[in-house]
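[1] sequence plus predicted model, see below.
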Amino acid sequence: MNYFNKIKLSALVLAAAGSLFTSCQKSEGVKAPVASATVAGNSVQVQSVSLTQGFEVGSTSPKTAYDVSPTGSSSGDNVTLSGNSWNLYDALIGNLTADIKAGSWSVRMRNTGKITMLFDVTTGISTITLKSATYSGDAASTWGLFYSTNGGSSWTQSGSAITTTSALTLKTFTITQTGNVRIEVRKLSGGSNRINIDDITINDNPGGTIPPGGGSVITGKKFLFDASHLENAGSADWQIDADGTESVPMYTGGTTTETKAQRFPTPSYTGITASTPENYWKGAMSAWAVELVKKGELVETLPNGTALTYGDASNVQDLSNYDVFVVVEPNRLFTAAEKTAIMNFVANGGGLVMIADHTAATTAGTDANGYNPSDRDGDGYDSPRVWNDLMTNNGINNNNPFGFTINYVDISEGPSTNVYAGTDANAAKVLNGAAGAAPKLAFYNGSVATLTPATNANVQGLFWRNSVSNGGNAGVMALLSTYGSGRIFFVGDSSPSDDGTGDTNDNLFNGWSGDSPSGFTSHPALHLNGALWAAKAQ
């Protein structure tokens, strides 16, 4: 395919008997509870997160007044959060300075306001944690947590009433109910004095004994898609959504005007339902992001010009606030400080999704197929070189710490069926996980990796070129690895995640689902499973 036409293409965490995974940092900046288990023979009962709600609604709140339709309605108003319906009565989702919150937003209630789940969690509830505070400047109030096992027909209070304080305080409630359960938070006193509620986490209680290996997806994980390293330079559009403009240098010289990604994709993710099409957002990575939201996850973008940090409390987009950093074909080197941030983020439990593209022995001329290497901004570095620089020049571990190096090649493979068939549990989750089976992978001018298990024995190939040995170290098209307590998922070509839509000035190719008529790719399943695995959501 001509290069210019191709231009790039719930929840249980269950472990084997005797060992359990621990979740990385919860999205919205809260640590997720560690799974607990009782081992009896070869069976394991696991308590894990089945729902999280941090009320991070993007750039616009879905409810900005206490009662919207009609004003003063005794029934409140329904809003959709992470794909689920909630009712807010005498309550709204606010982001004022006086709103005490863990992230950018929290619920604000007054009088006898309440927030109610209009759906059930189906695996029961063992414990619930949530945070509360007095709205800045108001007097303290009390609130209570209630639950229902009959679809909201009747409610039972859990524990005693909680009195708010000026600081956001975490409270834990033990409920121990199996089956279908929903919850409601009610303000019990204080009149017009307001309170804030944030970061609700429900831990399941399935009852009985559950065999290891099953389970669905933990919701509420937070994915940060990078747009700060010229991922949209030239005829590329590796972003979720964009508006405005920015000028980025082209590899052919001069500049092009590109759409600029914003932090929160618009319209709000709260409008996404099971039938929402991928062009709800405008970007070649929108299909990937929309599908993550449909599974109950949250997505944001790191815009061009925004600092990439880890451990900087003053940066609202610090990596510590996210579960996974997704970088699709970066065209600028990470700075020394950024490389330190990425390495520490992964070492401390974060997920890193690395997508590369084709290149050549040098970026000065055409590659073996006569195409220009994918140095879209002309600075001498394309994505394979950017990634290799991270893994060999980060100042922390410069010896391929993830266990692989990217080759400076340009290959097409349509498709590879040379897929891992071993017993590695992590590989099984990526190749046959919550998003379905991924038995094939096609490349449209991409690069491959060489595994270096001597530098990291945890590296595991997922797909190899058809012409190389399955299970070998050469010709690896996709892989996974771990570093510290974090996880890495790598694919050597951006075509499989390209959904073919985005900037109207770019030539994009639908490698996400466009090959399905030929019956040989499973790109959505592979990328979704890989991202969810990196997030420790499956």
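    Noted; the coordinates are in hand.
[2] going forward, measure contacts and count neighbours with C-alpha atoms only.
    Will do.
[3] and for the chain, the residue most distant from the center?
    Gly191 (39.2 Å; C-alpha atoms, centre = their mean).
[4] isn't it right next to Asn111, touching?
    Yes: proximity of Gly191 to Asn111 meets the contact threshold set by C-alpha atoms under 8 Å, at 4.3 Å.
[5] what's the burial count for Asp379?
    Counted with other C-alpha atoms under 10 Å, the neighbours of Asp379 add up to 15.
[6] typo on my end, Gly83
    Gly83: 18 neighbours (other C-alpha under 10 Å).
[7] how far off centre is stretch 380-391?
    How far stretch 380-391 lies from its chain's middle: 23 Å, per C-alpha atoms, centre = their mean, to the nearest Å.
[8] stretch 428-436 too?
    16 Å.
[9] what is the rounded mean pLDDT of it?
    On average, the pLDDT along stretch 428-436 is 93.
[10] export it to PDB, keeping only CA atoms.
    Output in PDB follows, covering the C-alpha atoms of stretch 428-436 (Å, rounded to 0.1, in the frame of the first residue of the first chain):
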ATOM      1  CA  ALA A 428      -4.000 -15.300  27.800                       C
ATOM      2  CA  LYS A 429      -5.800 -12.200  29.100                       C
ATOM      3  CA  VAL A 430      -4.500 -10.000  26.200                       C
ATOM      4  CA  LEU A 431      -5.100 -12.600  23.500                       C
ATOM      5  CA  ASN A 432      -8.500 -13.900  24.800                       C
ATOM      6  CA  GLY A 433      -9.700 -11.400  27.400                       C
ATOM      7  CA  ALA A 434     -12.800  -9.300  28.100                       C
ATOM      8  CA  ALA A 435     -12.900  -7.800  24.600                       C
ATOM      9  CA  GLY A 436     -12.800 -11.200  22.900                       C
END
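[11] picking up where we left off before, quick one: the residue farthest from the centre of the chain from Ile93, how far?
    19 Å (C-alpha to C-alpha, to the nearest Å).
[12] thinking again about what came up before, and the residue farthest from the centre of the chain, what does it touch?
    In this structure, Gly191 makes contact with 110-112, judged by C-alpha atoms under 8 Å, 6 or more residues apart in numbering.
[13] same question for Tyr408.
    Counted by C-alpha under 8 Å, 6+ apart, Tyr408 has contacts 358-362, 384, 447.
[14] isn't there a helix covering the residue farthest from the centre of the chain?
    No: the assignment for Gly191, made by DSSP: H, G, I helix; E, B strand; the rest coil, is coil rather than a helix.
[15] could you list the low-pLDDT ranges of the protein?
    1-50, 69-74, 206-216, 243-246, 249-256, 367-371, 504, 517-519 (pLDDT under 70).
[16] related to what we said a few turns ago, taking the contacts of Tyr408 one by one, which sit in helices?
    Pro384 (DSSP state H).
[17] most neighbours among the contacts of Tyr408, which one?
    Busiest of the contacts of Tyr408 [other C-alpha under 10 Å] is Pro384, holding 32 neighbours.
[18] one step back: which one of the contacts of Gly191 is nearest to Asn529?
    Here the nearest of the contacts of Gly191 to Asn529, counting by C-alpha to C-alpha, is Arg110; it sits at 41.5 Å.
[19] setting aside sequence neighbours, what's the nearest residue to the closest one?
    Residue nearest to Arg110 in three dimensions, not counting chain neighbours: Arg194, with 4.6 Å by C-alpha to C-alpha, 6 or more residues apart in numbering.
[20] number of residues surrounding that neighbour?
    Arg194: 26 neighbours (other C-alpha under 10 Å).
[21] how near is it to Ile355?
    From Arg194 to Ile355 the distance is 46 Å (C-alpha to C-alpha).
[22] re the thing from before, wait, isn't the residue nearest to Arg110 in contact with Met109?
    Yes: between Arg194 and Met109 a contact is recorded at 5.5 Å, counting by C-alpha under 8 Å.
[23] contact partners of the host helix or strand of Asn111?
    Taking DSSP states H and E as the definition, Asn111 sits inside strand 106-117. Contacts to strand 106-117, defined as C-alpha under 8 Å, 6+ apart, come from residues 54-56, 66, 85-95, 99-100, 135, 182-198.
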